[in-house]
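J.: What would the 3D arrangement of this be:
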Amino acid sequence: MRIAIVHYHLKPGGVTRVIETASGVLTAAGIAHVILTGDCESHGASALLHRVVPGLGYLEEPGDLTAARLVAELRAAATDAHGALPDVWHFHNHSLGKNRLLPHVISLIAAENEAIVLQIHDLAEQGRPENYPCLAGIRGLYPFSPRIHYAFLNPRDLALFIMAGLPPAYGSLLPNPVSVIAAAQPALTGAGPPLLLAPVRGIRRKNLGELVLLAALAPEGTRVAISRAPENPAALPIHDQWRKFASKHRLAIGFDVVDHFMPATGAATDFDSWIHHATHFVTTAVSEGFGFTYLESVAHGKPLIGRNLAHLTADHARHGIRAGRLYDAILVPIEWVDISLLRDHLTIDMERDHRLYQRPFTGNPVRRALDAMIQDGLVDFGNLPEPLQQGIIERLADPSERAVPLVRSGDTLLPLIDWLADVLAQRSPTATPDQLAPYSPANYQKSIIALYERLIESPASPIRHVPADEILTHHLRPENFHFLLSSLRPESSAKRQFRAVIFDVYGTLLIAPPGGVKPDPLADPVLRDVLRQFGHTPPDSPSTALHEAVLRHHAASGNPFSEIDLRDLWREILSIGEDEDEVTPLVMAIEDAWHPAQPMPGAGGFIQRLARLGMSLGILSNAQCNTLPSLGPIADLFAPELILLSYQHGIAKPSPDLYQMLAGRLAGRGIQPHETLFIGNDPHQDIVPAASAGFHTALFTGHPDSLRPGDCAPDITFKSWSQLSSMF
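T.: Just a heads-up that it's a prediction; the model follows:
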């Protein structure tokens, strides 16, 4: 049996530890295996049999690299290590959204009926919206067959995929192995002050504010320590913000302590030293795929306190393990939170998440999320944005307020300050290392080998797919919204002064032949064919008939900027009743045949970049009902209320009314015209009226058939979208 284990990198972290343990148990069983990785930085990884395949690393823009070429490189690397192709491919986190090609790689390998394990540690659909653009539109994201098996870390994710359509036989639990620490020190039972260690990197989902809250309310002399800072530069600002906040308020909590500070006078600064001196492990994370901290506290013989994640601890309880003294929520009165400010945070963060997930922001999701958050006049501290968490902690400087925050554990409510004093006085663990047998490397070895053997013996079969939309829909329910799992707000930058960007469409986002309605004898035969396909008797010259109808309506309106909905004109020309629902597809077919459009190179990538930065995006364009569908998937990245299309309002650019309407809608988001960039290709219809309304302007000159004549003074003139992108 030959195995290829595939992951983006071997940097220090949870997945790398799992891969290293898996390699150890496979080696012990005499099973040949190689680790294929895009990057290798783990301290112990150099001792493993591995091959670096650069295309496996984090890859948002693949450039010239294709999925087929990456498959060839993987096969070559595996063959170089084994002398033959692997019998099983074991992919870790293929759908995390860190490599745009990886899902396509798996589809190509699956099409050859090769055996595949897809191990899910984390999901882009749950709390990683900034990753999702790499996955959007991939219909084959979750393939399954008898020769493709899903391995999950917890029952919640397994149940979700089964509910979405994965046959139960094609998915199973494969918990991460946890080794009992042979040299584990006994719990520190002396009378010294508590030292709480959070053995994690201080990323947002670890809920750093709650650790600061515990430090603020813990008995005098208690210290809290977070082992390491985030590696991802994008995650550092929140970590450093909490470090400065804690320092300002002189709270006894240390950040990034390992290898930088001593846990006790004269002690070493390494991780093992911090574990030895800790009296307790602590966890406040709001989301975990496996939650090493729960079981590693047992392995190290340390009592654990903190936040309960029921989808993990329920599985522990199934094996008779009580991992710690845990609470379900920390509750504060809603009166401690400015409800209008909370609503504003929800609106901004949820709308940004929906843009990144390319889902419409409809159905009053803010109201539903708010209703789910507030129960009996209380709100969970752990599901508040950081500024509101900080405001609550600052209130605790008043001694009369310190008993107000409550801990909920099951049906029990009691003051957090009392709960902390009680659990910190208890220095004995709630479980013993011998209870970890179900999670032992030996059990992991049996499970993984049995899985490989079963896949190798399974017959080839047609491949089907779990609908990826079902997974996203579940996690995107407003009732499931969590601030600490939402996308990060972009940091302010002198380089990027805008909060909103508004686009013209034709000549800017789409390449299209000259529009307008005029007699067009060359197009008439095509238009007649389209009309016949829809069951209508066409006029001799459809283009002339439409042109004459436009002139009649413009003359009747008396408005120099009037616009008419093409659907109304074709109803009139073809004598179609108002209740006919075929007019929209008819107009779309006519426009596709008469004025076919294609994406402007580079524009889509620029819009996706702005969405990831958290920009409010909109459209103001002379357009018809076919315009938004012509944009493809990027249409979902625009805020619905910031889309102003001329046919919807009966007025066209350069009418000042449209630009004032846009300014009003932006004001509803608290965005002023001077904070908005309007991008277009027409000096007369785009740049001049937008500037008159107070917007900054950018003139696109990068396509020879798009630039319109006219004088204007744009703030920015650019020929390529990459040139404009460098300004953000």
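
J.: Excluding chain neighbours, what is closest to residue 586?
T.: Closest residue to residue 586 apart from its sequence neighbours, by C-beta to C-beta, 6 or more residues apart in numbering: residue 534 at 5.0 Å. (C-beta placed from N, C-alpha, C; glycine too.)

J.: what's near enough to touch that neighbour?
T.: By C-beta atoms under 8 Å, 6 or more residues apart in numbering, the contact list for residue 534 reads 582, 585-586, 589.

J.: mind putting these in JSON lines, neighbour count, distance to residue 343 and secondary structure included?
T.: Shown next, in JSON lines, are the contacts of residue 534 (neighbours: other C-beta atoms under 10 Å; distance: C-beta to C-beta, whole Å; DSSP: H, G, I helix; E, B strand; the rest coil):
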{"residue": "582", "neighbour count": "11", "distance to residue 343": "42", "secondary structure": "coil"}
{"residue": "585", "neighbour count": "12", "distance to residue 343": "39", "secondary structure": "helix"}
{"residue": "586", "neighbour count": "22", "distance to residue 343": "42", "secondary structure": "helix"}
{"residue": "589", "neighbour count": "17", "distance to residue 343": "43", "secondary structure": "helix"}
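
J.: between those residues, which is closest to residue 474?
T.: residue 585 (31.5 Å; C-beta to C-beta).

J.: any idea of the pLDDT on the closest one?
T.: Looking at residue 585, its pLDDT is 90.

J.: Can you give me the distance of it to residue 434?
T.: In this view, residue 585 and residue 434 are 68 Å apart by C-beta to C-beta, to the nearest Å.

J.: Residue 253 now?
T.: Residue 253 is 33 Å from residue 434, by C-beta to C-beta.

J.: likewise residue 639?
T.: Taking C-beta to C-beta, one finds residue 639 at 56 Å from residue 434.

J.: Who has more neighbours out of those two?
T.: Taking neighbours as other C-beta atoms under 10 Å, residue 639 and residue 434 compare with residue 639 leading, 21 against 8.

J.: I figured the more buried one hits residue 355, correct?
T.: Yes: with contact defined as C-beta atoms under 8 Å, residue 639 reaches residue 355; the gap is 7.2 Å.

J.: From one end of stretch 705-718 to the other, what's the distance?
T.: With C-alpha to C-alpha, to the nearest Å as the measure, stretch 705-718 spans 15 Å from end to end.

J.: And it, what's buried?
T.: 706-707, 712, 714, 717-718 (16 or more other C-beta atoms under 10 Å).

J.: cool, and stretch 662-673?
T.: 662-663, 665-666, 669, 671, 673.

J.: still on that earlier bit, tell me which of the contacts of residue 534 is nearest to residue 174?
T.: residue 585 (47.6 Å).

J.: For that closest one, which non-adjacent residue is closest in space?
T.: Residue 585 sits nearest to residue 534 (C-beta to C-beta, 6+ apart), 7.8 Å away.

J.: How about residue 680?
T.: Nearest one to residue 680, counting by C-beta to C-beta, 6+ apart, is residue 686 at 2.6 Å.

J.: Would you mind measuring from the one you found to residue 403?
T.: Residue 686 is 60 Å from residue 403, by C-beta to C-beta.

J.: just to revisit the earlier point, among the buried residues of stretch 662-673, which has the minimum pLDDT value?
T.: Lowest-confidence member of those: residue 669, scoring 82 (pLDDT).

J.: what about residue 403, neighbour count?
T.: Neighbours around residue 403, by other C-beta under 10 Å: 14.

J.: what residues are up against it?
T.: Counting by C-beta under 8 Å, 6+ apart, residue 403 has contacts 415, 417-418.

J.: If you count contacts, what does the strand or helix carrying residue 421 end up packed against?
T.: Assigned by DSSP states H and E, residue 421 belongs to helix 416-425. Here helix 416-425 touches helix 208-217, strand 406-409, going by 3 or more C-beta pairs under 8 Å, 6 or more residues apart in numbering; DSSP states H and E.

J.: possible to save the ones you listed as TSV with mean neighbour count and mean pLDDT?
T.: Converted to TSV, those look like this (neighbours: other C-beta atoms under 10 Å; pLDDT from 0 to 100):
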stretch	mean neighbour count	mean pLDDT
helix 208-217	24	97
strand 406-409	18	96
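
J.: Which one, of the ones you listed, ends up nearest to residue 561?
T.: With C-beta to C-beta as the measure, helix 208-217 is the member of these nearest residue 561 (51.5 Å).

J.: Now tell me what touches that closest one from outside.
T.: Counting by C-beta under 8 Å, 6+ apart, residues outside helix 208-217 touching it are 196, 198, 202, 222-224, 226, 238-239, 242, 245-246, 249, 251-253, 282, 284, 307, 330, 381-382, 384, 386, 389-390, 392-393, 396, 402, 405, 416-417, 420.

J.: now the angle from it to helix 416-425?
T.: 80 degrees (axes from the mean of the first three to the mean of the last three C-alpha atoms, to 10 degrees).

J.: Please state the offset of helix 208-217 from the chain centre?
T.: 26 Å (C-alpha atoms, centre = their mean, to the nearest Å).

J.: just the CA coordinates of that helix, formatted as PDB?
T.: Taking C-alpha atoms only, helix 208-217 is exported to PDB below (Å, rounded to 0.1, in the frame of the first residue of the first chain):
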ATOM      1  CA  LEU A 208      -9.200  37.100  23.100                       C
ATOM      2  CA  GLY A 209     -11.600  39.600  24.600                       C
ATOM      3  CA  GLU A 210     -13.100  36.900  26.800                       C
ATOM      4  CA  LEU A 211      -9.600  36.000  28.100                       C
ATOM      5  CA  VAL A 212      -9.100  39.700  29.000                       C
ATOM      6  CA  LEU A 213     -12.500  39.700  30.700                       C
ATOM      7  CA  LEU A 214     -11.500  36.600  32.800                       C
ATOM      8  CA  ALA A 215      -8.300  38.400  33.700                       C
ATOM      9  CA  ALA A 216     -10.300  41.400  34.800                       C
ATOM     10  CA  LEU A 217     -12.600  39.400  37.100                       C
END
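
J.: C-terminal to that helix, what's the next element?
T.: Once helix 208-217 ends, the next helix or strand along the chain (criterion: DSSP H and E) is strand 223-228.

J.: helices and strands around that next one, which ones?
T.: Strand 223-228 is packed against strand 195-201, helix 208-217, strand 253-254, helix 271-277, with contacts defined by 3+ C-beta pairs under 8 Å, 6+ apart.

J.: so how far is residue 131 from residue 117?
T.: Distance, residue 117 to residue 131, using C-beta to C-beta: 21 Å.

J.: now do residue 293
T.: 23 Å.

J.: about what we covered before: between the buried residues of stretch 705-718, which sits nearest residue 140?
T.: Nearest to residue 140 among those, with distances taken as C-beta to C-beta, is residue 706, at 35.1 Å.

J.: The closest one and residue 517: what is the separation?
T.: Applying C-beta to C-beta to residue 706 and residue 517 gives a distance of 19 Å.

J.: Thank you, goodbye.
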